[in-house]
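[1] How does the following fold in three dimensions:
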Amino acid sequence: MSLQNAFTFISDIDTDKELRKSCYTCHSLDELLAMLRGINRSFTSDEFADAINMLLFKCQTYEQADRVKEVDAWFHCFIR
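    Predicted coordinates for the structure are as follows:
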C-alpha cells in the first residue's frame, strides 16, 4: 500500500496545490514523511525511489521522463 501512496504522491504533487503548500512547510525529509503519515499518504524513501524507477521505466517520451526526474530532484531537496 505504501508504494501506491508514493505513486499517488508523485501524481498529486503536480495538481494538488494544498499538498504542495503543506510540503513546503516541511524543513526536512523526516518532517515531510511525518506530514504525509498524518494525511494517510505514508511511504518510505525506498518506496519513493522504487516508484520513481517504475515510472521512468514506463515513460514513452523524454518529456515524461524529465517530469518524473523533476519530482525526484524536488523530493531530494528535503534530504539534508
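[2] Name all residues that make contact with Asp50.
    Asp50 makes contact with 3, 6, according to C-beta atoms under 8 Å, 6 or more residues apart in numbering. Backbone N, C-alpha and C define where each C-beta goes, glycine included.
[3] So it versus Lys17, what's the distance?
    Asp50 sits 26 Å away from Lys17, going by C-beta to C-beta, to the nearest Å.
[4] Equivalent analysis for His27, please.
    Separation of His27 from Lys17 (C-beta to C-beta) stands at 20 Å.
[5] repeat for Gln60
    For Gln60, the distance to Lys17 equals 27 Å [C-beta to C-beta].
[6] Kindly report the same for Phe9.
    Taking C-beta to C-beta, one finds Phe9 at 14 Å from Lys17.
[7] Equivalent analysis for Gly38, please.
    Taking C-beta to C-beta, one finds Gly38 at 18 Å from Lys17.
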